[in-house]
Structure formats: C-alpha cells, structure tokens
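Undergrad: Provide a 3D model corresponding to the input given below.
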Amino acid sequence: MTTDVRADLYPSRGAAEMTTPRQDPVIWSAPGAPGPIAAKDLQSFEHDGFLAIDQLVTPDEVAEYRAELDRLVADPLVRADERSIIEPKSQSVRSVFEVHKLSEVFARLVRDERVVGRARQILGSDVYVHQSRINVKPGFGASGFYWHSDFETWHAEDGLPHMRAVSVSIALTENLDTNGGLMIMPGSHKSFVGCAGETPKDNYKKSLQMQDAGIPSDEV
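TA: Numbers count the residues shown, from 1 in each chain. Alright, predicted model coming up:
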C-alpha cells in the first residue's frame, strides 16, 4: 500500500498567520493563446490580479438579470432553500448559492462565451463552475463582506490545491462607495495570506452572515 502525501503549498487556518509567496502562474495559457482578452489586458491581469470590463453585458441584459434576481429573492421557496443566506438583522435575503442550478436565466449567463471564454483563456483549459451565487447586500443596514481572499476560503474549506481558478463578478448596479461597492487590492494575488484559527464546523452556512474565519489581520 502506498500513500500519496503532498505538501500543502498554501498553509492556512493554523496557530499563527503566515504569508506565502504565490507558487502558481497567474496566466496558465501559452503566450498568444486565442481568446477574447487582448494581450495588453492579459498583462494587466497578470500584474494587478484583476481585470475590469466595462459593459460586459448589454443594458437590456442587465435589466433581465435584475428582474430575475428580484424574482428569486421574492420567491418563498428560494428563501426557504438552504442555499439562501439570510441577513441576521433585517432577515432579508443576502445571498443565494448555486444560482445557476436554480435559474435558467443565470445558467445561460454562466455558460455565455463572454464569461467562459475569458476564464478559459486565463486558465489555459476548459473550466467548470466551482461556486455561483448572487449577492443582494445593500450598502446600509447589512453586515459586510470583510477583506478576504476567495482562494484562501476555497483552499482551506473546499480543498482546492492550486491557484487555478477565476472569480467573475458581474455588477448589476453602479459600484459606489455608498451602496456597498466592491474594493479590490491590486497585487494581492502575488502573496497568499494563511489566516490563523481553526475553521468552525459548517462555516459556509454562517460566514456569509458574519465572517469570523479566513480574515487576515489589519496588520497584514
């Protein structure tokens, strides 16, 4: 009998916080590989760790997705589903997971070449959906999503071994400082911050309401 024991390239959730240099490529495809992202934008993605695209979808599509989001949030069956996360204070729907399995409208968006083509070009292979969700967090009267690394959570809680994943966020409202806008730190993809502390059981059910595990210190 043999045992395949592989070293953890990105240790996290231990006794102390630790920072590890990135061990994986940022762009996995070969130079010049075909795709919808221009070469200069790929270079920007590799340097900054993110890429902002103005109007990936049309205004009419935004209206369609907003209407579908409102329909899902208002559906009592969706609200009662364990894939829905409820705000602890207002008791309104905060997030809905596996939305591509609950909605054909969002399933089409997940499969849209404008989205999938960019993911394939960055990762250098075909892709699958690791996680999908809609966030309907308002700017006021709701608990926030504190500074964190998506990969740290996926690595520590889901077992994703390498930084070979792409987060795609499609904003359906203007991104302003008054409505809970998303803030991204350029260059943070070059280091892995291993957070301190054990992961609570079934943490995914509570972390979207109030994050405790997987949060870097203010100093780091």
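Undergrad: Report the spatially closest residue to residue 32, excluding sequence-adjacent ones.
TA: residue 39 (7.8 Å; CB to CB, 6 or more residues apart in numbering). Quick note: C-beta positions are derived from backbone N, CA and C, even for glycine.
Undergrad: what's the burial count for that neighbour?
TA: By other CB atoms under 10 Å, 9 other residues sit near residue 39.
Undergrad: lowest confidence element among the helices and strands of this protein?
TA: In the chain, no helix or strand scores lower on mean pLDDT, DSSP states H and E than helix 203-207, which sits at a mean of 56.
Undergrad: can you map out the helices along this protein?
TA: 39-48, 59-74, 76-80, 99-102, 104-111, 113-123, 150-153, 203-207 (DSSP state H).
Undergrad: Residue 188: which of these is closest?
TA: Smallest distance to residue 188 across the helices of the chain (CB to CB): 9.3 Å, for helix 39-48.
Undergrad: Counting by contacts, list what the closest one packs against.
TA: helix 113-123 (3 or more CB pairs under 8 Å, 6 or more residues apart in numbering; DSSP states H and E).
Undergrad: Can you dump the C-alpha atoms of the helix it packs on in PDB for me?
TA: Presented in PDB, the C-alpha positions along helix 113-123 are these (Å, rounded to 0.1, in the frame of the first residue of the first chain):
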ATOM      1  CA  GLU A 113     -18.900  32.700 -24.100                       C
ATOM      2  CA  ARG A 114     -18.200  36.300 -22.900                       C
ATOM      3  CA  VAL A 115     -17.700  34.800 -19.500                       C
ATOM      4  CA  VAL A 116     -16.400  31.300 -20.200                       C
ATOM      5  CA  GLY A 117     -14.100  32.400 -23.000                       C
ATOM      6  CA  ARG A 118     -12.200  34.700 -20.700                       C
ATOM      7  CA  ALA A 119     -11.900  32.100 -17.900                       C
ATOM      8  CA  ARG A 120     -10.600  29.500 -20.400                       C
ATOM      9  CA  GLN A 121      -8.000  32.000 -21.800                       C
ATOM     10  CA  ILE A 122      -6.700  32.800 -18.300                       C
ATOM     11  CA  LEU A 123      -6.700  29.200 -17.000                       C
END
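Undergrad: Give me the angle between it and helix 104-111.
TA: 40 degrees (axes from the mean of the first three to the mean of the last three CA atoms, to 10 degrees).
Undergrad: So which bits of helix 113-123 are buried?
TA: 115, 116, 118, 119, 120, 121, 122, 123 (16 or more other CB atoms under 10 Å).
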